[in-house]
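> sequence first, predicted model second:
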Amino acid sequence: MTSHARDIQNLLDRTALEDLLIFLVTSLDAKDFEALAKVYTTDAILCTPDGQVTGASEIIAVARRNHEQFAATQHFVSGITCVPTGADARVTADVLAVFVTGQDVSSAHRMLGSRYDVKAERTDHGWRYVEHTITPVWSHATQEAAARAVPGS
(Lines give C-alpha, C1' and ligand atoms only; values in the text may rest on other atoms or scores of the structure.)
Protein backbone atom coordinates (compact mmCIF):
# COMPACT_ATOMS: atom_id res chain seq x y z
CA MET A 1 0.00 0.00 0.00
CA THR A 2 1.37 3.42 -0.91
CA SER A 3 1.80 6.17 1.65
CA HIS A 4 -1.09 8.06 0.07
CA ALA A 5 -3.35 4.99 0.21
CA ARG A 6 -2.39 4.42 3.89
CA ASP A 7 -3.28 8.04 4.69
CA ILE A 8 -6.67 7.67 3.01
CA GLN A 9 -7.34 4.37 4.80
CA ASN A 10 -6.36 5.99 8.11
CA LEU A 11 -8.86 8.82 7.51
CA LEU A 12 -11.59 6.35 6.55
CA ASP A 13 -10.90 4.27 9.66
CA ARG A 14 -10.91 7.30 11.96
CA THR A 15 -14.22 8.48 10.49
CA ALA A 16 -15.77 5.02 10.89
CA LEU A 17 -14.56 4.81 14.52
CA GLU A 18 -15.96 8.27 15.32
CA ASP A 19 -19.25 7.33 13.65
CA LEU A 20 -19.44 4.17 15.76
CA LEU A 21 -19.02 6.20 18.95
CA ILE A 22 -21.75 8.63 17.89
CA PHE A 23 -23.98 5.67 16.97
CA LEU A 24 -23.41 4.26 20.48
CA VAL A 25 -24.49 7.40 22.35
CA THR A 26 -27.40 8.22 20.03
CA SER A 27 -28.66 4.65 20.47
CA LEU A 28 -28.53 5.14 24.25
CA ASP A 29 -30.43 8.43 23.98
CA ALA A 30 -33.05 6.84 21.72
CA LYS A 31 -33.34 3.91 24.16
CA ASP A 32 -32.57 1.63 21.21
CA PHE A 33 -30.52 -0.74 23.32
CA GLU A 34 -30.66 -3.63 20.85
CA ALA A 35 -28.77 -1.44 18.35
CA LEU A 36 -25.73 -1.78 20.62
CA ALA A 37 -25.25 -5.26 19.14
CA LYS A 38 -23.88 -3.35 16.11
CA VAL A 39 -21.29 -1.64 18.32
CA TYR A 40 -19.81 -4.48 20.38
CA THR A 41 -18.37 -7.87 19.48
CA THR A 42 -20.22 -10.85 20.96
CA ASP A 43 -17.41 -11.31 23.52
CA ALA A 44 -16.76 -7.61 24.27
CA ILE A 45 -15.86 -6.45 27.77
CA LEU A 46 -17.37 -3.39 29.45
CA CYS A 47 -15.71 -2.01 32.59
CA THR A 48 -17.49 0.58 34.75
CA PRO A 49 -17.22 1.55 38.42
CA ASP A 50 -20.06 -0.97 38.99
CA GLY A 51 -17.88 -3.82 37.71
CA GLN A 52 -17.11 -5.71 34.53
CA VAL A 53 -19.47 -7.55 32.17
CA THR A 54 -18.63 -9.70 29.19
CA GLY A 55 -20.62 -10.14 26.00
CA ALA A 56 -22.76 -7.85 23.89
CA SER A 57 -25.97 -9.17 25.47
CA GLU A 58 -24.70 -8.35 28.97
CA ILE A 59 -23.56 -4.90 27.85
CA ILE A 60 -27.01 -4.29 26.38
CA ALA A 61 -28.60 -5.35 29.70
CA VAL A 62 -26.37 -2.91 31.62
CA ALA A 63 -27.20 -0.07 29.20
CA ARG A 64 -30.91 -0.79 29.52
CA ARG A 65 -30.76 -0.94 33.33
CA ASN A 66 -28.75 2.31 33.57
CA HIS A 67 -30.80 4.34 31.07
CA GLU A 68 -34.41 3.19 30.79
CA GLN A 69 -35.30 4.52 34.24
CA PHE A 70 -34.85 8.09 32.99
CA ALA A 71 -37.39 10.10 31.01
CA ALA A 72 -34.59 11.25 28.72
CA THR A 73 -30.84 11.14 28.36
CA GLN A 74 -28.52 13.21 26.27
CA HIS A 75 -24.88 12.32 25.65
CA PHE A 76 -22.39 14.89 24.39
CA VAL A 77 -19.08 13.63 22.98
CA SER A 78 -15.91 15.69 22.60
CA GLY A 79 -12.17 15.26 22.44
CA ILE A 80 -12.38 12.13 20.31
CA THR A 81 -9.03 10.56 19.55
CA CYS A 82 -8.89 7.56 17.18
CA VAL A 83 -5.67 5.69 16.57
CA PRO A 84 -6.17 2.86 14.09
CA THR A 85 -3.25 0.44 13.71
CA GLY A 86 -4.35 -1.92 10.98
CA ALA A 87 -6.76 -4.49 12.38
CA ASP A 88 -7.31 -2.77 15.73
CA ALA A 89 -7.66 0.74 17.13
CA ARG A 90 -7.80 2.79 20.30
CA VAL A 91 -10.52 5.37 20.77
CA THR A 92 -10.76 7.84 23.65
CA ALA A 93 -13.37 10.50 24.22
CA ASP A 94 -14.85 12.74 26.85
CA VAL A 95 -18.56 12.11 27.32
CA LEU A 96 -21.02 14.30 29.19
CA ALA A 97 -24.21 12.40 29.94
CA VAL A 98 -27.34 14.16 31.19
CA PHE A 99 -30.03 12.03 32.86
CA VAL A 100 -33.47 13.68 33.12
CA THR A 101 -35.81 12.21 35.72
CA GLY A 102 -39.11 13.85 34.71
CA GLN A 103 -41.03 14.70 31.56
CA ASP A 104 -40.61 18.46 32.02
CA VAL A 105 -37.37 19.87 30.55
CA SER A 106 -36.81 21.80 33.78
CA SER A 107 -37.20 18.67 35.92
CA ALA A 108 -34.53 17.11 38.09
CA HIS A 109 -31.46 15.86 36.30
CA ARG A 110 -27.98 14.50 36.84
CA MET A 111 -24.87 15.13 34.79
CA LEU A 112 -21.93 12.78 34.59
CA GLY A 113 -18.65 13.61 32.90
CA SER A 114 -16.76 10.47 31.90
CA ARG A 115 -13.78 9.31 29.91
CA TYR A 116 -14.40 6.51 27.40
CA ASP A 117 -11.41 4.33 26.56
CA VAL A 118 -12.13 1.81 23.84
CA LYS A 119 -10.23 -0.93 22.06
CA ALA A 120 -11.82 -1.69 18.70
CA GLU A 121 -11.13 -4.29 16.05
CA ARG A 122 -11.90 -4.50 12.39
CA THR A 123 -14.44 -7.26 11.67
CA ASP A 124 -16.30 -8.51 8.61
CA HIS A 125 -19.06 -6.06 9.65
CA GLY A 126 -16.78 -3.06 10.11
CA TRP A 127 -15.26 -1.73 13.32
CA ARG A 128 -16.59 -3.16 16.60
CA TYR A 129 -15.67 -2.54 20.24
CA VAL A 130 -13.91 -5.38 22.07
CA GLU A 131 -13.11 -3.50 25.28
CA HIS A 132 -14.83 -0.39 26.63
CA THR A 133 -13.86 1.27 29.90
CA ILE A 134 -15.97 4.09 31.31
CA THR A 135 -14.23 6.20 33.95
CA PRO A 136 -16.31 8.88 35.68
CA VAL A 137 -14.45 12.16 36.14
CA TRP A 138 -17.13 14.31 37.80
CA SER A 139 -20.86 14.44 38.50
CA HIS A 140 -23.47 17.03 39.36
CA ALA A 141 -27.12 16.69 40.29
CA THR A 142 -29.99 19.04 40.91
CA GLN A 143 -31.18 18.84 44.48
CA GLU A 144 -34.26 16.86 43.44
CA ALA A 145 -32.14 14.28 41.62
CA ALA A 146 -29.47 13.88 44.28
CA ALA A 147 -31.16 10.84 45.81
CA ARG A 148 -31.21 8.83 42.58
CA ALA A 149 -28.42 6.41 41.66
CA VAL A 150 -25.91 7.62 39.08
CA PRO A 151 -25.36 5.05 36.33
CA GLY A 152 -21.82 4.33 35.23
CA SER A 153 -22.30 5.85 31.79
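Received, thanks. Residues are numbered from 1 along each chain as shown.
> mind listing what's buried in stretch 44-63?
By neighbour count with 16 or more other CB atoms under 10 Å, stretch 44-63 contains the buried residues 44, 45, 46, 48, 53, 56, 59, 60, 62, 63. (Glycine included, C-beta is placed from N, CA and C.)
> can you flag which of these belong to helices?
Members of the buried residues of stretch 44-63 lying in helices (criterion: DSSP state H): 56, 59, 60, 62, 63.
> so the last one touches residue 36, yeah?
It refers to residue 63. Yes: here residue 63 reaches residue 36: they are 5.9 Å apart, a contact under CB atoms under 8 Å.
> name the residues contacting each of these two.
Residues touching both residue 63 and residue 36 by CB atoms under 8 Å, 6 or more residues apart in numbering: residue 28.
> quick one: average pLDDT of stretch 58-66?
Averaged over stretch 58-66, pLDDT sits at 97.
> what do you get for stretch 80-88?
96.
> list the buried residues for that stretch?
80, 82, 84.
> ok, longest helix in this protein?
Max-length helix for the chain by DSSP H is helix 3-29.
> elements contacting that one?
strand 72-84, strand 88-100, strand 109-123, strand 126-141 (3 or more CB pairs under 8 Å, 6 or more residues apart in numbering; DSSP states H and E).
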